[in-house]
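Undergrad: Sequence and computational prediction follow.
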Number of protein chains: 2
Amino acid sequence: MKKMRDHILKGNMSKWDLDTPALLLDMDVFEANLAKLSEYCRKNNTAFRPHVKTHKCPIISKKQISSGALGICAAKTSEAEVMADSGIKNILITSPVITPYKIKRLMDIRKNTSGLMVVVDTVKNVTDLSEAAKRNNLKLDVLVDINVGDDRTGVTPGKPAVDLTKNILKSDGLRFRGIQAYAGYLQQIHGFHERRKRNIECMEKAAESKHLIEKEGIHVEIFTGGSTGTYNINHNVPGFTDVQPGSYIFMDVEYLAIGGKDSPENLFEDFIPSLTVLSTAISQPVKGTITVDAGVKSFATDGPNPVLKGISGISYEFMGDEHGRLTFENPSREIKIGDKVEFLVSHCDPTVNLYDNYYCIRNETVEDIWEVSGRGMSQ
Amino acid sequence: MKKMRDHILKGNMSKWDLDTPALLLDMDVFEANLAKLSEYCRKNNTAFRPHVKTHKCPIISKKQISSGALGICAAKTSEAEVMADSGIKNILITSPVITPYKIKRLMDIRKNTSGLMVVVDTVKNVTDLSEAAKRNNLKLDVLVDINVGDDRTGVTPGKPAVDLTKNILKSDGLRFRGIQAYAGYLQQIHGFHERRKRNIECMEKAAESKHLIEKEGIHVEIFTGGSTGTYNINHNVPGFTDVQPGSYIFMDVEYLAIGGKDSPENLFEDFIPSLTVLSTAISQPVKGTITVDAGVKSFATDGPNPVLKGISGISYEFMGDEHGRLTFENPSREIKIGDKVEFLVSHCDPTVNLYDNYYCIRNETVEDIWEVSGRGMSQ
């Protein structure tokens, strides 16, 4: 890889000369997305704690921190390890860390980085984490994860959330920092106004729990949650402190469809797609279609199908693990065997997880190659 | 990883102590699957050329060769590179290799391994490969890829296939070895008899092309195709030489459903599932369900949902990139937070592509760790 990397970077290689399938990042667009979210948060006096589950790349996390992020979120312990090993601080792990072995891994990260936090949602886990922290002579910062309807993780809002908080305060190994509330099921509601209404209603349950905790004389420093789809919504919830956007840097076909504030019936174009997959047409067994070299192992399959960038009237469908089929309906240009084409990706997070590197493109040239260091880190 | 590997292997670690999500391979079952296919082929006087796209692991390819395989198949050039670098010979690349850069990579493999073959399906590609081989003072072995209805790659059967063959014979850099015909759309037809009937009808088109080529006085040494779903079907097609099974070593929920010869209405149990994902229950926000730590980044999403192994009455659904939800319908056992559970995977090939390692399990103990060296090699 080192040799290949040098060859590509020294040669001012055109993106069209890259071997395929390859994951491309349009640097101008990526930087504009970074700046736009940062500026929005600054102007609205709110904060952001971007999620690495989207990009799994320490270089990108560092750029997000330079653009004003409070710190970062990691979905899993192994993801947090990769980021901590790269010198990143202030990492929030957004899922409960449960087993003895994983708690050991968590303590090892805590020893080597500052500002590590993890969410908790049961008394048993509070006890386990506190005991482990005490054995390691540490204080571990925790947030109470509140279930605001996702029914995935989190304690029930109201009294159960207050009780869990009191439990944390009684635990010598832990320090209570605040709450997390994530309504995954509401992040991609189509149409800004409906999305706004339902997210605010939902997040108010968490705000109410925060209020109940504060009524006990407990300081709630952090109230975090939300995502790219609600970056301009959640800060209107009383007491909300910081949003956890992931996809805003890249965007994907799934997010484009949800509709933005200024185009409620149309596309979510607050951020512009910067992430694409470059693929090559390799065979044409039947007229009116052509086969490309990117299939299930090159695009996530949990969202809508990938869409050609800059070419209209041609649709993509999966043709197994290694191939896709383009069907020409009313094509804006011809595609021949050997031609390379660029796709907007279906769902960015699991698509990135299929690649080892980003090829960073500016003015159609490869400017840099960034490793997806956290690829496959699902533990 | 080296340290972790030594720790796990020296400690006779139980599989239940592995961190999750983890990809497990039941060695007894895996070895029985290896032996069963090998014995079937030997008894039926046919050959097999197993596909590495399923496992992407040189250790497994070597075991398949030891069990009697002619060689192996690779879907992509980069996959073939990994296998050739591990000392494996007789690799067939089953998709056309088109661009100048990829043809250069192909020639580099050809220089370093013996028995490399690649399929072709256009005159232009024949010319490009022959020119490249001549520049490198090589002869490259090729098969004519025949489209038997998949409409993904391949030349039209009949005269076009014969003409392409003649073209190869006129090309100084190439040596014609035979034909490939793969009917992907027929491999998983439910019910053995219907699957048999349709595959034989379909493969007879390729057999006819083979006959037409031979009528021109050209020797067709190889007639390859098929998969796990047709391992006991294709050798009944006249002139067929070798099958390309992938999934037989692992099996998955998708393949189980297609029905076997001796259980036409039931499950395809010619081979037994050896591949599982170990996952941990991490949260229970709602009674009657529990959340596990394996989602879209731990299971392929292009097939049916994963299914719990050894536990009935509980169903799995995806809950985003990092989580899944188990719903208790009529559970055969209790699952609590912190418990580990094992899943049969949805679709084995793209699931394997999400992991760095196989944990090889015998008698519930980790016997070895094999690297998925070809992970992400989609180029």
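TA: Great, that's in hand.
Undergrad: what about the nearest residue to residue A:156 once chain neighbours are set aside, neighbour count?
TA: Leaving aside its chain neighbours, residue A:156 sits nearest to residue A:147 (6.1 Å; criterion: C-beta to C-beta, 6 or more residues apart in numbering or on different chains). Placement of C-beta: from N, CA and C, glycine included. For residue A:147, the count of nearby residues is 23 (other C-beta atoms under 10 Å in any protein chain shown).
Undergrad: Please report how far residue A:147 lies from residue B:292.
TA: With distances taken as C-beta to C-beta, to the nearest Å, residue A:147 is found 16 Å from residue B:292.
Undergrad: shaky segments in the stretch 251-379 of chain A?
TA: Along the stretch 251-379 of chain A, segments meeting pLDDT under 70 span A:264-265.
Undergrad: Show me the strands in it, by range?
TA: A:275-283, A:289-292, A:307-308, A:314-318, A:324-328, A:340-344, A:357-362, A:365-371 (DSSP state E, counting those that start in this stretch).
Undergrad: wait, what's in contact with residue A:16?
TA: Shown in contact with residue A:16 (C-beta atoms under 8 Å, 6 or more residues apart in numbering or on different chains): A:278, A:340, A:364.
Undergrad: Could you double-check that the last one sits in contact with residue A:13?
TA: Read it as residue A:364. No. Between residue A:364 and residue A:13 there is no contact under C-beta atoms under 8 Å: 9.8 Å.
Undergrad: who's more crowded, the two?
TA: More crowded of residue A:364 and residue A:13, by other C-beta under 10 Å: residue A:13, with 17 against 10.
Undergrad: about what we covered before: could you redo the contacts of residue A:16 as TSV and give each row distance to chain B?
TA: Converted to TSV, the contacts of residue A:16 look like this (distance: C-beta to the nearest C-beta, whole Å):
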residue	distance to chain B
A:278	10
A:340	8
A:364	17
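Undergrad: Which of those sits closest to residue A:182?
TA: Proximity of those to residue A:182 was ranked by C-beta to C-beta; the top entry is residue A:278 with 33.2 Å.
Undergrad: With adjacent residues omitted, what lies nearest to the closest one?
TA: residue A:22 is the one closest to residue A:278 (C-beta to C-beta, 6+ apart), at 4.6 Å.
Undergrad: Next: residue A:45.
TA: residue A:235 (7.9 Å).
Undergrad: any idea of the pLDDT on the one you found?
TA: You'll see residue A:235 listed with a pLDDT of 96.
Undergrad: For it, list the residues it contacts.
TA: If you count contacts by C-beta under 8 Å, 6+ apart, then residue A:235 has A:41, A:44-46, A:243 around it.
Undergrad: ok, 10 Å please
TA: By C-beta atoms under 10 Å, 6 or more residues apart in numbering or on different chains, the residues touching residue A:235 are A:40-41, A:44-48, A:226, A:241-243.
Undergrad: do the same with residue A:255
TA: Contacts of residue A:255 (C-beta under 10 Å, 6+ apart): A:187-188, A:227-229, A:247-248, A:267-271, A:273, A:303, A:347-348.
Undergrad: For stretch A:293-309, buried residues please.
TA: A:293-303, A:306-309 (16 or more other C-beta atoms under 10 Å in any protein chain shown).
Undergrad: typed the wrong thing, it's stretch A:42-50
TA: Those would be A:46-50, for stretch A:42-50 by 16+ other C-beta under 10 Å.
Undergrad: Can you measure across that stretch, start residue to end residue?
TA: One end of stretch A:42-50 sits 15 Å from the other (C-alpha to C-alpha, to the nearest Å).
Undergrad: distance between it and the chain's centre?
TA: Centre-to-centre, stretch A:42-50 and its host chain are 16 Å apart (C-alpha atoms, centre = their mean, to the nearest Å).
Undergrad: for stretch A:326-334, same thing?
TA: On C-alpha atoms, centre = their mean, the centre of stretch A:326-334 falls 33 Å from the chain's centre.
Undergrad: Equivalent analysis for stretch A:249-257, please.
TA: Relative to its parent chain, stretch A:249-257 has a centroid offset of 11 Å by C-alpha atoms, centre = their mean.
Undergrad: Quick one: neighbours of residue A:330, just the number.
TA: 7.
Undergrad: if I pick it, what's in contact with it?
TA: With C-beta under 10 Å, 6+ apart, residue A:330 has these contacts: A:312-314.
Undergrad: The stretch 51-200 of chain A: helices as residue ranges?
TA: Assigned by DSSP state H, counting those that start in this stretch, the stretch 51-200 of chain A shows helices spanning A:58-66, A:77-85, A:100-112, A:123-135, A:159-169, A:192-215.
Undergrad: Alongside chain B, which residues does the stretch 1-150 of chain A contribute?
TA: Within the stretch 1-150 of chain A, the positions adjacent to chain B are A:17-22, A:53-54, A:56, A:75-79, A:94-102, A:104-105, A:119-122, A:124-125, A:128, A:145-147, A:149-150 by C-beta under 10 Å from any C-beta of the partner chain.
Undergrad: now with 7 Å?
TA: Listed as neighbours of chain B in the stretch 1-150 of chain A under the rule C-beta under 7 Å from any C-beta of the partner chain: A:19-21, A:53, A:75-76, A:95-96, A:98-99, A:101-102, A:121-122, A:147.
Undergrad: Since that was my last question, I'll sign off now.
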